[in-house]
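Participant: Structure for the following, please:
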Amino acid sequence: MLRNGLKASDHFVPHLTLAYDQKFISRQPIEPISFVAHDFIFVHSLRGLTKYLFLDRWPLPCGIIVRKLGDPS
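Facilitator: Model prediction:
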């Protein structure tokens, strides 16, 4: 993040949130992004408590490169 001019706290761990609740959100276009994932971790966030329950973890072999997330093609 620092390499790209973004600031983050010392304990920040980059992550991708898939959902906050059961509310339906329609598809929206975004600019394509890519990242390397080393694990897939299923986490339950206790809303408003800044507490997280790690439900399960699956290591990914050699890091999986996710390319062009959000690309409509």
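Participant: Can you list the buried residues in stretch 36-52?
Facilitator: Within stretch 36-52, no residue counts as buried by 16 or more other Cβ atoms under 10 Å. To be clear about C-beta, it is placed using only N, CA and C from the backbone, and glycine gets the same treatment.
Participant: Lys51 and His44, how far apart?
Facilitator: For Lys51, the distance to His44 equals 9 Å [Cβ to Cβ, to the nearest Å].
Participant: Please enumerate the strands of this structure.
Facilitator: 33-46, 51-69 (DSSP state E).
Participant: For those strands, give me CSV that also has mean pLDDT and distance to Ser26.
Facilitator: Below are the strands of the chain laid out as CSV (pLDDT from 0 to 100; distance: least, Cβ to Cβ, whole Å):
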stretch, mean pLDDT, distance to Ser26
strand 33-46, 84, 20
strand 51-69, 78, 17
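Participant: could I get those strands as CSV with distance to Leu18?
Facilitator: Formatted as CSV, the strands of the chain follow (distance: least, Cβ to Cβ, whole Å):
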stretch, distance to Leu18
strand 33-46, 10
strand 51-69, 12
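Participant: which one of those lies closest to Asp21?
Facilitator: strand 33-46 (10.6 Å; Cβ to Cβ).
Participant: Using PDB, write out every CA atom in the closest one.
Facilitator: Provided in PDB are the C-alpha atoms of strand 33-46 (Å, rounded to 0.1, in the frame of the first residue of the first chain):
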ATOM      1  CA  ILE A  33      -7.800  -4.900 -10.000                       C
ATOM      2  CA  SER A  34      -5.500  -7.800  -9.300                       C
ATOM      3  CA  PHE A  35      -3.900  -9.200  -6.100                       C
ATOM      4  CA  VAL A  36      -2.100 -12.300  -4.800                       C
ATOM      5  CA  ALA A  37      -4.000 -14.400  -2.200                       C
ATOM      6  CA  HIS A  38      -2.000 -16.800   0.000                       C
ATOM      7  CA  ASP A  39      -5.000 -18.000   2.100                       C
ATOM      8  CA  PHE A  40      -8.800 -18.100   1.900                       C
ATOM      9  CA  ILE A  41     -10.100 -17.400   5.500                       C
ATOM     10  CA  PHE A  42     -13.700 -17.500   6.500                       C
ATOM     11  CA  VAL A  43     -14.200 -14.800   9.200                       C
ATOM     12  CA  HIS A  44     -17.300 -13.800  11.100                       C
ATOM     13  CA  SER A  45     -17.100 -10.100  12.300                       C
ATOM     14  CA  LEU A  46     -19.000  -9.300  15.400                       C
END
